Structure formats: C-alpha cells, structure tokens
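K.L.:
Provided below for reference: sequence and predicted model.
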Amino acid sequence: MFTATMIAKPGMLEPVLANSVQSAWGGSELRWLSAGEAAEFDIPAMPDNRWDVWQDLQNIAVDLVVQATEGRKKVVLVADMDSTMIAQECIDELAAEAGIGDQVVEITARAMNGEIDFEDALQERVALLKGLKSTVIDTVLASRITLVPGGRALVQTMKANGGYAALVSGGFTDFTAAVSDKLGFDENRANTLLHTGGALTGQVGMPILGREAKITAVNEITTRLGLTPQDVIAVGDGANDLGMLHLAGTGVAAHAKPSVQAECDVRINHGDLTALLYIQGYQKSEFVK
C-alpha cells in the first residue's frame, strides 16, 4: 500500500484539485490533514505517471509525495541547518559582515550544488574570514539569522510523540548551539570555527563534518538508540546532505538545489517544514506549537 500526500501553502490546496488526483489514481477516500493545505489518500501501487503528475502540481505550487504507507511515521529526525532549518548560510552572513560576501557566496553555491568538494570549499571560505572579530558571530545570530517556518512545530511534535531530533550541520557549532536551543533539538553536531585573541584564525577544527560525517551521525545516533536508519526522516538542501538523505528511511530534499532534488524521491518546494509532519500522516491539530 502507498500513500499520496498533497501539500501547499495554507489555503492554496483546492478540494477540487485534491479530489481530482485521488479519483485519477483510484485512491481511497481523501483525508484532509489540514483544510486547504494538506490531504492524503491511499493507493494499492506506485502510479506509473507519478512524476508527470508531480510536475503538473509543481506548476501550480503544490507538492506531491508518494511513499510506502507502512513505516512512514519515523522516530528520529536528522536535519541540516543552513538553508534548511534557518533561511541563511551562516558562512555567507559572516562573510557579508567582513565585506567579502560576494566572493564567499559564489563558493558556497558551487559547493551546495556539488560542483566542488565540500571540505575544500569550507576551508577556502573560512580562510577568507581570518582576523574577523569573534563578536561578529553574535551580531550575525541576532541580526541576520531567521528560522524557517514550521521548524519548531516539526521538532516539538516529533519529540512529543517519542521522537529524537538531531541537528547535523556542515556549518559551525557557534550557530548550531543557538539554533538547536531555540528549536528544541536533542543534540547538535557541526564544525568548529577556531578563535584566538578575540578573532577568527581562518581555520576550522579537524576533522571537518561534511557528507561522510552526516552519514556517520545517522548511524551513530540510531545505533545508540537501538534503531536503524530506516527509522529516520532526514532533511537537507545541499549536495553534502545527499548521503544521509539516501541512507534515511525518508530523505527529504526541502527547497533544495536542483541537482539534489534530482536524486531524491521526496521533494518539498512549496510547503514549510511542517510538510515533514504531513507526509508522516500527522494532522495539523496534532502539531505542538
């Protein structure tokens, strides 16, 4: 059995459209998870035209996820931070404060698209921050970093239902600690920006947490909890997230780069982070606000 879930911005999922997809695929009775926002139905087999319908719905700002019904509600959330749980790339914001934003943004974009090695790109960008006052980190956190809508509801709802939440980032601990605390993650992992004399050294602590380290994190966390990666829902947007997205039972490319979306079966481009609750079958009335 498979479940098809349609998600849009609040008020943008028309009942006529939802019923049309359900009818075309011969699905079970439509279940509304949130009126005008999210609905689902069951089907006996994966439709041959899934991606054609997906594209048609994308054209009208509706996300579609089709997945096996059994086991879709997960016990562990593993999330990327930059451009996933927050709307920015922290290193780009630090670079903007240092007056080298354009140079660093270009390197970041290439790394997230998988065009250049993540670890090399990280070291190259951090080197450009050498001499920047450490206090700039607090300035960036206070004035430049914003949370992606739905993140706290996602974390808190899964935890309220016995789940465990980990923030695993290729960014920096100075930021993951603050974001983790705001959203209620159980743990956070990231790279360490090295400081001395009140300024950044232009170096990052070793080993660098990149693609392989995110895979390791999923394996370590699930082993520690007596679970398997199949029990995980992972979310990210960049090429360095693909390893953990492929490993997890459900890997979600959320507002991701095209090259990342192309490798993922679960893609969220229009809903916020509560879409990860809807695709697990949660109703909006069950969200922890």
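P.N.:
Right, received. Where do you want to start? Numbers count the residues shown, from 1 in each chain.

K.L.:
what does the host helix or strand of residue 6 contact?
P.N.:
Take DSSP states H and E as the rule and residue 6 turns out to sit in strand 2-7. Strand 2-7 is contacted from outside by 13, 17-18, 21-22, 25, 27, 33, 37-46, 57, 62-69, 72, 268, 270-271, 275, 278-279, 281, using Cβ atoms under 8 Å, 6 or more residues apart in numbering. Quick note: C-beta positions are derived from backbone N, CA and C, even for glycine.

K.L.:
Residue 10 and residue 37, how far apart?
P.N.:
5 Å (Cβ to Cβ, to the nearest Å).

K.L.:
Neighbour count for these two, which is higher?
P.N.:
A count of neighbours by other Cβ atoms under 10 Å puts residue 37 above the other of residue 10 and residue 37, at 21 against 14.

K.L.:
Pull the contacting residues for that one.
P.N.:
Here residue 37 is in contact with 7, 8, 9, 10, 11, 12, 13, 271, 284 (Cβ under 8 Å, 6+ apart).

K.L.:
where does the fifth one fall, phi/psi-wise?
P.N.:
Note on residue 11: its backbone torsions stand at phi 80, psi 0 [degrees, to the nearest 10].

K.L.:
does it really touch residue 38, like I thought?
P.N.:
No - Residue 11 lies out of contact with residue 38 (Cβ atoms under 8 Å); the separation is 11.4 Å.

K.L.:
which of those two has more neighbours?
P.N.:
Just comparing residue 11 and residue 38: by other Cβ under 10 Å the higher neighbour count belongs to residue 38, 27 against 10.

K.L.:
ok, now which ones touch that one?
P.N.:
Contacts of residue 38 were listed using Cβ under 8 Å, 6+ apart, and they are 5, 6, 7, 8, 13, 32, 271, 275, 278, 284.

K.L.:
Kindly reformat these as JSON lines containing pLDDT, distance to residue 137 and neighbour count.
P.N.:
Formatted as JSON lines, the contacts of residue 38 follow (pLDDT from 0 to 100; distance: Cβ to Cβ, whole Å; neighbours: other Cβ atoms under 10 Å):
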{"residue": "5", "pLDDT": "98", "distance to residue 137": "39", "neighbour count": "23"}
{"residue": "6", "pLDDT": "98", "distance to residue 137": "41", "neighbour count": "24"}
{"residue": "7", "pLDDT": "98", "distance to residue 137": "35", "neighbour count": "28"}
{"residue": "8", "pLDDT": "98", "distance to residue 137": "37", "neighbour count": "24"}
{"residue": "13", "pLDDT": "98", "distance to residue 137": "40", "neighbour count": "26"}
{"residue": "32", "pLDDT": "98", "distance to residue 137": "44", "neighbour count": "15"}
{"residue": "271", "pLDDT": "96", "distance to residue 137": "31", "neighbour count": "29"}
{"residue": "275", "pLDDT": "98", "distance to residue 137": "31", "neighbour count": "25"}
{"residue": "278", "pLDDT": "98", "distance to residue 137": "35", "neighbour count": "24"}
{"residue": "284", "pLDDT": "98", "distance to residue 137": "36", "neighbour count": "16"}
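
K.L.:
Serialize the residues you listed to TSV and add fields for distance to residue 233.
P.N.:
Output for those, formatted as TSV (distance: Cβ to Cβ, whole Å):
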residue	distance to residue 233
5	13
6	18
7	15
8	20
13	22
32	22
271	14
275	11
278	12
284	18
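
K.L.:
which two from the contacts of residue 37 end up farthest apart in space?
P.N.:
Greatest spacing in the contacts of residue 37, by Cβ to Cβ: 12 and 284 (14.4 Å).

K.L.:
helices and strands around the lengthiest helix in the chain, which ones?
P.N.:
Among the elements of the chain assigned as helix by DSSP state H, the one spanning the most residues is helix 211-224. Helix 211-224 sits against strand 76-79, strand 164-172, strand 187-191, strand 232-236, helix 242-247, with contacts defined as 3 or more Cβ pairs under 8 Å, 6 or more residues apart in numbering; DSSP states H and E.

K.L.:
export it as CSV, just CAs?
P.N.:
The C-alpha coordinates for helix 211-224 follow below in CSV (Å, rounded to 0.1, in the frame of the first residue of the first chain):
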residue,chain,number,x,y,z
ARG,A,211,28.9,14.5,3.7
GLU,A,212,30.5,11.3,5.2
ALA,A,213,30.2,12.7,8.7
LYS,A,214,26.5,13.2,8.3
ILE,A,215,26.2,9.6,7.3
THR,A,216,28.2,8.6,10.4
ALA,A,217,25.9,10.8,12.5
VAL,A,218,22.8,8.9,11.3
ASN,A,219,24.4,5.6,12.0
GLU,A,220,25.8,6.5,15.4
ILE,A,221,22.5,8.1,16.6
THR,A,222,20.3,5.2,15.5
THR,A,223,22.7,2.6,16.9
ARG,A,224,22.8,4.4,20.3
